[in-house]
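*Asks:* Model the following, please.
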Amino acid sequence: MRHNADLCAWPGHPHANSNGMVDKTLLYADYVVGSAPGVISDTMGATRHMADGKLYTSKSAFRAATKAAGCVEVGNETPTLLKPRKPIPLDRGARREAIQRAVYELKNGRRS
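*Replies:* Numbers count the residues shown, from 1 in each chain. Sure thing, here's the model as predicted:
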């Protein structure tokens, strides 16, 4: 009797049984591992850097220019976004004044 760990669901496979399960040893029997590992290239399409206006075709050079300009790439600032903001402490009187001021400004046409 086979254990479920020895089988994999793949109904379209030629060796699938009536339940659509395939023995894992048969599943990738025809798969040949290539001789080269997967490599992520450092090259990219020419991209203008917003801080210095130069065109870059190297990811590492682009990141270095970003860091040198004191900027942060969108997507790598997650720890900053996950930090909870400290609430601004307001007493009841200050909160009431802030709401009254906002309502007054809204009624009189000021939008921001």
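*Asks:* By mean pLDDT, point me to the weakest helix or strand of this structure.
*Replies:* helix 78-82 (a mean of 62; mean pLDDT, DSSP states H and E).
*Asks:* Adjacent strands (with direction) for the longest strand along the chain?
*Replies:* Using DSSP state E, we find that the single longest strand of the chain is strand 43-48. Using DSSP bridges, strand 43-48 pairs in its sheet with strand 55-58 (antiparallel).
*Asks:* Show me this protein divided up by domain.
*Replies:* With domains defined by automatic domain parsing, the chain comprises 1-32, 43-78.
*Asks:* mean confidence for the first one?
*Replies:* Looking at domain 1-32 alone, the average pLDDT works out to 70.
*Asks:* before we move on, back to that, next SSE downstream of the least confident helix or strand of the chain?
*Replies:* Per DSSP states H and E, the first helix or strand lying C-terminal to helix 78-82 is helix 92-107.
*Asks:* So what touches that following helix?
*Replies:* Helix 92-107 is contacted by residues L90 when judged by C-beta atoms under 8 Å, 6 or more residues apart in numbering. The C-beta positions use only the backbone N, C-alpha and C, and glycine is treated the same way.
*Asks:* now swap in stretch 47-55 and tell me
*Replies:* Under C-beta under 8 Å, 6+ apart, the answer for stretch 47-55 is 46, 56-57, 62, 65-66, 69, 71.
*Asks:* Which of those are buried, as a PyMOL select command?
*Replies:* To isolate the buried ones among the contacts of stretch 47-55 in PyMOL, judged by 16 or more other C-beta atoms under 10 Å, type:
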select buried, resi 56+62+65+66
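*Asks:* can the contacts of stretch 47-55 go into CSV with extra columns for pLDDT and distance to M21?
*Replies:* Below are the contacts of stretch 47-55 laid out as CSV (pLDDT from 0 to 100; distance: C-beta to C-beta, whole Å):
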residue, pLDDT, distance to M21
A46, 92, 50
Y56, 94, 50
T57, 94, 49
F62, 94, 48
A65, 94, 53
T66, 92, 50
A69, 92, 56
C71, 87, 52
